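Novice: Fold the following.
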Amino acid sequence: MMEVLDQNGNKITIDQGIRFAEEFSNLLNFIQIKSADDLGRSSVEEQYKTFYRDIMNYAFVDSHNKHLADGRLDLAAKNLNEINNLSLDPLTGLRKKEFLKRKLVSLEHEIYLDLISDFSLIMCDLDKFKEINDTFGHSIGDDTLNLFGKLLLENIRPCDIAYRYGGEEFLILLPDTNLKDAVIIAERVRAAIENRLHIGHYGLNQMTAYDISKSFIENDDEEDINGAFFLSKDVTCSFGVANYQNSEQSEEGIFSRADENLYTAKNGGRNQVAY
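Specialist: Below is the predicted model:
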């Protein structure tokens, strides 16, 4: 039996899935959940628990467990993909804003139960994004957002959850993470955006947004690399970081503090992390 919170923050009990614990484990192996790595990925066992708790309470439990009981891992995997796709922003690949509230309630509940000691929130905003749309057009703006989402996911930990909060505004929730560690992650994302995300021509291709490190790695000729990319604009991002324990231990407090810090980063010259 497992207690979870639904999308409205109400406590519900799931007792069917545990009967199929081995089958559920087989399912996650079937969809190839990866093991620990140096970015702080939790153990496979912890991923199983988190995956079940955070994903399996969106009214798919009965059909999901029937598929497991019947040994139909293909149908169960399809079920999980449907759940996952419901929560994703199609342009950036990040979670939709609508799925943020439930996760915040869940983290506060975990703190109340002493399951975690803290969590942090990173607010980030692409610098002068309106200029990108006005200068290069909305298509290149969309390319920029798409690449930003990929770089963001690449530079946070698998336990962290990134959301598209607005047009060019994003949030990252970091479970069981103090302020110091959250700042390190924010700085890692900031540096990746500054160093890799640019708008320009690469070779004879049309102008668009590029992850230049991945484009250049395909070319071993250093002279050709220097002449192949015609830079038009650097893309940078500003970050405001806050943690729950230092924000009146409230949802409103952590949002307010992160927003204030983002404002500080913007006013301080952009392309920086404030906390």
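Novice: Compute the number of surrounding residues for the residue nearest to Leu179 when sequence neighbours are not counted.
Specialist: Of all residues not flanking Leu179 in the chain, Asn243 sits nearest, at 4.2 Å (C-beta to C-beta, 6 or more residues apart in numbering). Quick note: C-beta positions are derived from backbone N, CA and C, even for glycine. By other C-beta atoms under 10 Å, 22 other residues sit near Asn243.
Novice: Asp70 now?
Specialist: 11.
Novice: pLDDT weak spots in the stretch 51-200 of the chain?
Specialist: For the stretch 51-200 of the chain, the stretches flagged by pLDDT under 70 are 51-69, 75-86.
Novice: show me the contacts for the residue nearest to Leu179.
Specialist: 118-121, 177-179, 182, 254 (C-beta atoms under 8 Å, 6 or more residues apart in numbering).
Novice: Present those residues as JSON lines; the columns should include distance to Leu91, neighbour count and secondary structure.
Specialist: JSON lines is the format used below for those (distance: C-beta to C-beta, whole Å; neighbours: other C-beta atoms under 10 Å; DSSP: H, G, I helix; E, B strand; the rest coil):
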{"residue": "Asp118", "distance to Leu91": "31", "neighbour count": "19", "secondary structure": "coil"}
{"residue": "Phe119", "distance to Leu91": "26", "neighbour count": "24", "secondary structure": "strand"}
{"residue": "Ser120", "distance to Leu91": "25", "neighbour count": "30", "secondary structure": "strand"}
{"residue": "Leu121", "distance to Leu91": "22", "neighbour count": "26", "secondary structure": "strand"}
{"residue": "Thr177", "distance to Leu91": "27", "neighbour count": "25", "secondary structure": "coil"}
{"residue": "Asn178", "distance to Leu91": "32", "neighbour count": "16", "secondary structure": "coil"}
{"residue": "Leu179", "distance to Leu91": "30", "neighbour count": "18", "secondary structure": "helix"}
{"residue": "Ala182", "distance to Leu91": "25", "neighbour count": "26", "secondary structure": "helix"}
{"residue": "Ile254", "distance to Leu91": "26", "neighbour count": "25", "secondary structure": "helix"}
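Novice: With distance to Ser213 added, can I get these in TSV?
Specialist: Shown next, in TSV, are these (distance: C-beta to C-beta, whole Å):
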residue	distance to Ser213
Asp118	33
Phe119	31
Ser120	27
Leu121	28
Thr177	27
Asn178	30
Leu179	29
Ala182	25
Ile254	33
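Novice: Can you give me the distance of the residue nearest to Leu179 to Leu107?
Specialist: Asn243 sits 11 Å away from Leu107, going by C-beta to C-beta, to the nearest Å.
Novice: Name the residues contacting each of those two.
Specialist: Phe119.
Novice: Quick check: chain neighbours aside, which residue is closest to Leu174?
Specialist: Ser120 (4.4 Å).
Novice: Pop the domain breakdown of this structure in here.
Specialist: 2-86, 95-274 (automatic domain parsing).
Novice: so where does the closest residue in space to Thr208 that isn't next to it in sequence fall, helix or strand?
Specialist: Of all residues not flanking Thr208 in the chain, Asp143 sits nearest, at 4.9 Å (C-beta to C-beta, 6+ apart). Using DSSP states H and E, Asp143 maps to helix 138-155.
Novice: and that helix, C-alpha only, in CSV?
Specialist: Provided in CSV are the C-alpha atoms of helix 138-155 (Å, rounded to 0.1, in the frame of the first residue of the first chain):
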residue,chain,number,x,y,z
HIS,A,138,9.3,33.6,-34.2
SER,A,139,10.5,30.4,-35.9
ILE,A,140,14.0,31.0,-34.8
GLY,A,141,12.6,32.0,-31.4
ASP,A,142,11.0,28.6,-31.2
ASP,A,143,14.3,26.9,-32.3
THR,A,144,16.0,28.8,-29.4
LEU,A,145,13.4,27.6,-26.9
ASN,A,146,13.6,24.0,-28.2
LEU,A,147,17.4,23.9,-27.8
PHE,A,148,17.2,25.7,-24.4
GLY,A,149,14.9,22.9,-23.1
LYS,A,150,17.4,20.2,-24.3
LEU,A,151,20.4,22.0,-22.7
LEU,A,152,18.5,22.5,-19.5
LEU,A,153,17.6,18.8,-19.2
GLU,A,154,21.1,17.8,-20.0
ASN,A,155,22.5,19.9,-17.2
